[in-house]
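Colleague: Sharing a model that was predicted from the sequence below.
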Amino acid sequence: MRSAGYEPEDFEVDEFEVWPENWPSFALFCAVQTQWRVGGMGGATGLDYPAVFATIDRLHRDKTPERRDELFADMQVMEAAALKEMAKKK
């Protein structure tokens with residue numbers, strides 16, 4: 001983490017509630033947390049979508065294509081929020 005410019009204190013340990021209907025999307029985001037694309041010194045530029053799609057296919061193969069699309073859209077909202085927060089640290 002330090003090599004990416006983060007210190008342990010950059011990560012607060014706050015408890016939060018995840019509503020049951022949001023749990024699959026949250027779990028997907030957590031499952032791909034190591035799949036960030038990094039553009040040199042600029043830091044993360046977004047998630048590696050082929051890895052995201054592979055994870056959706058693996059974890060949610062029982063879901064309809066429409067539901068998998070919803071999960072991907074939810075993940076993109078979280079991705080955008082995470083990128084915004086990461087940009088504040090620069």
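Modeller: Done, it's in.
Colleague: so what's the residue nearest to residue 57 when sequence neighbours are not counted up against?
Modeller: Among residues not flanking residue 57 along the chain, residue 68 sits closest, at 7.7 Å (C-beta to C-beta, 6 or more residues apart in numbering). Using the backbone N, CA and C atoms, a C-beta is placed for each residue, glycine as well. Residue 68 makes contacts with 56, 57, 60, as judged by C-beta atoms under 8 Å, 6 or more residues apart in numbering.
Colleague: Most neighbours out of these, which is it?
Modeller: residue 56 (21 neighbours; other C-beta atoms under 10 Å).
Colleague: can you tell me which helix or strand it belongs to?
Modeller: helix 49-59 (DSSP states H and E).
Colleague: Repeat that for residue 63.
Modeller: Residue 63 belongs to no helix or strand, assigned by DSSP H and E.
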